[in-house]
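> Just to be clear, the model below is a prediction. Sequence and coordinates:
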Amino acid sequence: MPKFAIEFVPTDAYWKVVYHAVHAEKAGYDYVWITDHFNNRNVYVLLTNIAIYTDRVRFGPGVTSPYLIHPVMTAQSMASLSEMAPRRVVCGLGTGDKTTLDLLNIERVKPLSAVRETVQLIRELTVGEAVKLEGDVFNVAGARLNFKVADPIPIFIGAQGPKMLSLAAEIGDGVLINASHPKDFENAMEHIREGVEKAGKKMEDIEVVAATAFSASEDPKKALKAATPVVAFIVAGSPESVLQRHKIQIESANKIREAIGKGNWGDVFSNVTPEMFEAFSICGTPDTCIEKIDQLSKIGVTLFITGSPIGPKVHDSINLISKEIMPHFKKA
Amino acid sequence: MADINDIMKKIPQDSFEEVSEGMVKILLGSKNAEKMPERLAKAILRYFQKDQLTLPEGIRTLLEASMSLEEEKTKDLLQDFGIKIL
């Protein structure tokens, strides 16, 4: 049976995000992820509150970038959270959102090394080991936390390209893929299997996670409307290879990019086509969503993140997902 | 602002669940969400965690928050339940 996670972008007042997280726990979600961008509310402030106001759900940053937050600080944060909520904390790790890092003139240098070294640092530090690392990206002369967690903290690694997918499967406890369409997962699974084999693991040892742009509503038009801005930004940020995979005209994507650049939101939204919704979101009535989740599940996805926008109204959509979508998979 | 104690007395117990849900929706959709007083935000989260937002203490907290952030919308909601606030 697939597991369900929900992802919140903390652009709203802290209490609203925490309220939705508590709601998600009560609705039956297994994980809550909070995105980590310097220009939104601080992820660890949110996660601390989620630790306080929830009792069961697992939670973590989704995802933190080692280029922005040094791995020793991430290890410290994760271990502190884990002390508050043992066995409930997970760490989402990725090289980070290029647009955000560009604002800070931070380059993603040697991303594979950065991720490998970060995983090593977090794993060793959180179990109380002293760490000395002369890596390609990080150089730690001797670091140790003055406390440790009882159980290892699972690390989920965000990946898109073949090498990162393979590495994520090799060293991670989960592979987080920002995609919603079966084609993207069929493509990814080959590289995930490579990584699993390289590590001498089994596929059952890792979670394959679909971080989807999700919008559920009884009214399909409202679901599409809510997903439009998210899909537009995904199209604008997608490389040509991904657009071609989904048979999306480069010119159509360029129109959206230009309109975003000019801040012309009417043009941005009017240029989002049905093919784009199909390629980059799980969007529609509960039946439509069930069908798409089912397709991904058959390919090997084990954990579904219902990501932004979740639906026209987050509160109502959490109820809908809980009552109309999750039970379908629990029965199965 | 209307007296919270007076309003509480007018809400029939069999409407607590619907009134609670209505106020939650008003608060979550409020453009004034960032003005939520610290004390009420924490109380709402605590009551929600304990499934007590439909109990009198939870309703009172939601009512105080809802009247503070969205007085007119809260009055409209209550009017739907036959509760008139002057």
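Received, thanks. Residues are numbered from 1 along each chain as shown, chains lettered A, B, ... in the order given.
> Need the pLDDT of residue 44.
No chain was given, so I picked chain A. We have a pLDDT of 98 for A:Tyr44.
> try chain B instead
98.
> Verify the contact between A:Met276 and A:Ile248 for me.
Yes: using C-beta atoms under 8 Å, A:Met276 is in contact with A:Ile248, at 6.2 Å. Backbone N, C-alpha and C define where each C-beta goes, glycine included.
> Pull up the overlap in contacts between those two.
Common neighbours of A:Met276 and A:Ile248, using C-beta atoms under 8 Å, 6 or more residues apart in numbering or on different chains, are A:Val235.
> Between the two, which is the more surrounded one?
Counted by other C-beta atoms under 10 Å in any protein chain shown, A:Met276 and A:Ile248 do not tie: A:Met276 has more neighbours, with 23 against 20.
> so where does the more buried one fall, helix or strand?
Element membership for A:Met276 (DSSP states H and E) is helix A:274-280.
> List the contacts of whichever residue of the stretch 101-250 of chain A sits closest to chain B.
Using C-beta to the nearest C-beta, A:Ala226 is the residue of the stretch 101-250 of chain A that sits closest to chain B, at 13.7 Å. If you count contacts by C-beta under 8 Å, 6+ apart, A:Ala226 has them with A:Ser215, A:Ser217, A:Pro309, A:Gly311, A:Pro312.
> change it to 6 Å
A:Ser215, A:Pro309, A:Gly311, A:Pro312 (C-beta atoms under 6 Å, 6 or more residues apart in numbering or on different chains).
> Confirm for me that the first one is in contact with A:Thr285.
The one in question is A:Ser215. No: proximity of A:Ser215 to A:Thr285 does not meet the contact threshold set by C-beta atoms under 6 Å, at 10.5 Å.
> So between those two, which is more surrounded?
A direct count of neighbours by other C-beta under 10 Å for A:Ser215 and A:Thr285 places A:Ser215 higher, at 29 against 17.
> is it fair to say that one lies in a helix?
No: judged by DSSP: H, G, I helix; E, B strand; the rest coil, A:Ser215 forms no part of a helix; its state is strand.
> Tell me what it is bridged to.
A:Cys283, A:Ile310 (DSSP bridges).
> Give me the distance between it and A:Ser180.
10 Å (C-beta to C-beta, to the nearest Å).
> Low-confidence stretches in the chain?
Because you didn't say which chain, this covers chain A. A:332 (pLDDT under 70).
> hmm, I had chain B in mind actually
In chain B, residues with pLDDT under 70: B:1.
> Output the set of residues of it in proximity to chain A.
Neighbours of chain A within chain B, by C-beta under 6 Å from any C-beta of the partner chain: B:Leu28, B:Ala33, B:Glu34, B:Met36, B:Ala41, B:Leu45, B:Phe48, B:Gln49.
> Please produce a PyMOL select command covering the buried subset of these.
Selection command for PyMOL covering only the buried members of the residues of chain B next to chain A, criterion 16 or more other C-beta atoms under 10 Å in any protein chain shown:
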select buried, chain B and resi 28+33+36+41+45+48+49
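> from the residues of chain B next to chain A, which single one is nearest A:Lys201?
Lowest distance from A:Lys201 to the residues of chain B next to chain A (C-beta to C-beta) belongs to B:Gln49, with 36.9 Å.
> mind checking how far the closest residue to the closest one other than its chain neighbours is from A:Ala211?
Distance criterion C-beta to C-beta, 6 or more residues apart in numbering or on different chains; nearest residue to B:Gln49, sequence neighbours excluded, is A:Tyr53 at 4.9 Å. From A:Tyr53 over to A:Ala211 the distance is 24 Å, taken as C-beta to C-beta.
> more crowded one of the two?
Using other C-beta under 10 Å as the criterion, A:Tyr53 and A:Ala211 rank with A:Ala211 on top: 26 against 20.
> Quick check: the more buried one touching A:Thr306?
No: the criterion here is C-beta under 6 Å, and A:Ala211 misses it with A:Thr306 at 9.4 Å.
> any idea how far A:Val231 is from the closest residue to A:Ala213 other than its chain neighbours?
Leaving aside its sequence neighbours, A:Ala213 sits nearest to A:Ser281 (C-beta to C-beta, 6+ apart; 4.2 Å). Separation of A:Ser281 from A:Val231 (C-beta to C-beta) stands at 5 Å.
> before we move on, what about A:Val196?
Separation of A:Val196 from A:Val231 (C-beta to C-beta): 31 Å.
> cool, A:Ile122 as well?
33 Å.
> Please apply the same query to B:Pro56.
Taken as C-beta to C-beta, the span from B:Pro56 to A:Val231 is 44 Å.
> Compare neighbour counts for these two and give me the winner.
Counting neighbours by other C-beta under 10 Å for B:Pro56 and for A:Val231 shows that A:Val231 has the greater number, 25 against 12.
> check which helix or strand covers the more buried one.
Per DSSP H and E: helix A:220-237 holds A:Val231.
> Send over that helix as PDB, restricted to the C-alpha atoms.
Extracted in PDB, the C-alpha atoms of helix A:220-237 (Å, rounded to 0.1, in the frame of the first residue of the first chain):
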ATOM      1  CA  PRO A 220     -12.300  19.600 -11.900                       C
ATOM      2  CA  LYS A 221     -12.300  23.200 -13.200                       C
ATOM      3  CA  LYS A 222     -11.500  24.400  -9.700                       C
ATOM      4  CA  ALA A 223      -8.800  21.800  -9.400                       C
ATOM      5  CA  LEU A 224      -7.200  23.000 -12.700                       C
ATOM      6  CA  LYS A 225      -7.500  26.600 -11.800                       C
ATOM      7  CA  ALA A 226      -5.700  26.100  -8.500                       C
ATOM      8  CA  ALA A 227      -2.900  24.100 -10.200                       C
ATOM      9  CA  THR A 228      -2.400  26.600 -13.000                       C
ATOM     10  CA  PRO A 229       0.300  28.800 -11.400                       C
ATOM     11  CA  VAL A 230       2.200  25.800 -10.100                       C
ATOM     12  CA  VAL A 231       2.200  24.100 -13.500                       C
ATOM     13  CA  ALA A 232       3.200  27.300 -15.200                       C
ATOM     14  CA  PHE A 233       6.300  27.600 -13.000                       C
ATOM     15  CA  ILE A 234       7.200  24.000 -13.500                       C
ATOM     16  CA  VAL A 235       7.000  24.400 -17.300                       C
ATOM     17  CA  ALA A 236       9.100  27.600 -17.100                       C
ATOM     18  CA  GLY A 237      11.700  25.800 -15.100                       C
END
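> check contacts around whichever residue of chain B sits closest to chain A.
Distances between chain B and chain A by C-beta to the nearest C-beta are smallest at B:Ala41, namely 3.8 Å. Taking C-beta under 6 Å, 6+ apart, we find B:Ala41 in contact with A:Trp15.
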